[in-house]
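Undergrad: dropping a prediction and its sequence here:
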Amino acid sequence: MQLLNYSLGEILEKWAFETPDTEFMVYPDRDLRFTYSRFNKRVNSLAKGLLYLGVQPGNKIAIWAKNVPDWTTLFFASAKIGAVLVPVKPTYNLTELEFVLKDADIHSLFLSDDVSTGNFAEIIHRLIPTIKTNARERLNSKHFPKLRNVVFIGQKKQRGMYNTAELILLGSHIDEIELESAKSSVDCHNVATIQYTRSGETFLGAMLSHQSVLNSGHSVGECMKYTSAERLLLSLPLSEVRGNVLGLCSVVAHGATLVFAEDFTTYQILVSMESEKCTAIYGTSELFNEIMSLPEFNSFKLTSLRAGILFNSNSEEKVVNNVQAKMHLKDLITVYGTTESSGGITATRPHNPIKTHTTTIGFELPNVEVKIVNTKTGELCDAEEQGEICCRGYNVMKGYYKNRKASEMIIDKDGWLHTGNLGVKTTDGFYRIIK
């Protein structure tokens, strides 16, 4: 399979030109729908807003929000002008947020309301009191010297912050030539996002390129036989690689449609899958069991479903049978990957026997090399011999941000990423994790 050599902005513009009226993003609970053409226009408007804020190629933009619609808008707007998006998990506490803002050298922070985990605006005001006293364009925090702007996602006005409506209005003063100039500087091998992962007590920021996240999503979609007719119901957080790479990027790589909301209950998932005629869904065996256990489950017509990812490689065969039969997911696969590998290293394929889905992590994704090496000698292991799972290819991160030592410990001189996970390669070519 040939690699896609588009930047994230370029792949979006490709579909906006070729299939402008195809739905890209749907929020059923808001009755909000964006075609590729309409969404691309909003992305350009927000990209101009970022330029108004002084965002330059390579600047880091953090987003601290649940799955609000403008999460996706910011993902592509920052990519179009060569900025780097840094997802912040909504569950992060104050200490974790403070670390990411400092370590990633955040230039602009976007946040939304989230009453379930705390008021983000109130939290950031406690962390940076000068937001309330300084003019919005003069955010001078000694604690966060690189931080220049805080933007509230939504219509509400927050003291010391722009909101997205104001930012888009201000961006309208940016000349189209300036936007085109910023877009022309972006290459598919540039870093598109820094995704933080925990290693023991340490947070490390994995730098992933446009090419790595787009092709990782594309490869996983190909394993499920994705086409432009796909409608993926995404109930995973966009702040995680499973959501923004295996979910969002798999959809945009195929010119397909993404269906989701900020908060998903199992009942909402059922309603959305039926009403939007979704063809795919990702989840764990726990989520699928919860959906199928709902008293109302049998009253829903889910015959449009056909594909999905089951993230538990050790699920019981009964669960896989039920998911395939009751939820019609005949093209079900399991996927194994890490943040450092852009979310994907191996996957099963729909035609594999159920036992393969439940006892292995499949085999190599296209254009990815995988090997098992002896943890002491580094030598290649024989079949069924336990060792460390390593991979090499487009999917491997460029390294940890500002941490060369940690990068060299995980990526060797030949470009192999050492996952730290133990596994074996079976005699028939599949890989299995050793718990």
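TA: That came through, no problem. Numbers count the residues shown, from 1 in each chain.

Undergrad: and the strands in the stretch 101-250 of the chain?
TA: Under the criterion DSSP state E, counting those that start in this stretch, strands of the stretch 101-250 of the chain are mapped to 106-111, 149-152, 162-163, 191-199, 202-209, 231-233.

Undergrad: how about the ones you listed in CSV, adding mean neighbour count, distance to residue 314 and mean pLDDT?
TA: All C-beta spots, glycine's among them, are computed from the backbone N, C-alpha and C. Listed next are the strands of the stretch 101-250 of the chain as CSV, based on neighbours: other C-beta atoms under 10 Å; distance: least, C-beta to C-beta, whole Å; pLDDT from 0 to 100:
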stretch, mean neighbour count, distance to residue 314, mean pLDDT
strand 106-111, 25, 37, 96
strand 149-152, 25, 42, 94
strand 162-163, 20, 45, 93
strand 191-199, 21, 22, 94
strand 202-209, 22, 25, 96
strand 231-233, 24, 24, 98
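
Undergrad: adding distance to residue 358, write those strands out as TSV.
TA: Shown next, in TSV, are those (distance: least, C-beta to C-beta, whole Å):
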stretch	distance to residue 358
strand 106-111	40
strand 149-152	45
strand 162-163	48
strand 191-199	26
strand 202-209	29
strand 231-233	23
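
Undergrad: quick one, which of these is nearest to residue 57?
TA: Proximity to residue 57 (C-beta to C-beta) singles out strand 191-199 among the strands of the stretch 101-250 of the chain, at 10.2 Å.

Undergrad: can you give the contact residues for the closest one?
TA: With contacts defined as C-beta atoms under 8 Å, 6 or more residues apart in numbering, strand 191-199 is touched by 7-8, 58, 60, 75, 79, 84-88, 100, 104, 203-210, 213, 240-241, 244, 338-340, 398, 401, 406.

Undergrad: send the alpha carbons of it over as CSV?
TA: What follows is strand 191-199, C-alpha atoms only, in CSV (Å, rounded to 0.1, in the frame of the first residue of the first chain):
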residue,chain,number,x,y,z
VAL,A,191,5.5,17.6,13.4
ALA,A,192,1.7,18.0,13.5
THR,A,193,1.0,17.1,17.2
ILE,A,194,2.7,16.4,20.5
GLN,A,195,0.9,13.8,22.5
TYR,A,196,1.8,13.3,26.1
THR,A,197,2.1,9.8,27.6
ARG,A,198,3.1,8.7,31.0
SER,A,199,6.2,6.6,31.6
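
Undergrad: how far does that strand sit from its chain's centre?
TA: 11 Å (C-alpha atoms, centre = their mean, to the nearest Å).

Undergrad: what subset of the contacts of strand 191-199 is buried?
TA: With neighbours counted by 16 or more other C-beta atoms under 10 Å, the contacts of strand 191-199 contain buried members at 7-8, 60, 75, 79, 84-88, 100, 104, 203-210, 213, 240-241, 244, 338-340, 398, 401, 406.

Undergrad: residue 358 belongs to a helix?
TA: Yes. Residue state for residue 358 (DSSP: H, G, I helix; E, B strand; the rest coil) corresponds to a helix.

Undergrad: OK, contacts around it?
TA: By C-beta under 8 Å, 6+ apart, residue 358 lies in contact with 313-317, 320.

Undergrad: so how far is residue 352 from it?
TA: 10 Å (C-beta to C-beta, to the nearest Å).

Undergrad: neighbours around residue 211, how many?
TA: Neighbours of residue 211 under the rule other C-beta atoms under 10 Å: 22.

Undergrad: model confidence score at it, please.
TA: pLDDT, residue 211: 98.

Undergrad: give me the number of neighbouring residues for the residue nearest to it when sequence neighbours are not counted.
TA: Of all residues not flanking residue 211 in the chain, residue 188 sits nearest, at 4.4 Å (C-beta to C-beta, 6 or more residues apart in numbering). Applying other C-beta under 10 Å, we find 21 residues neighbouring residue 188.

Undergrad: pretty sure residue 188 is touching residue 9, no?
TA: No. Taking C-beta atoms under 8 Å as the definition, residue 188 is not a contact partner of residue 9, at 9.9 Å.

Undergrad: burial count for residue 153?
TA: 24.
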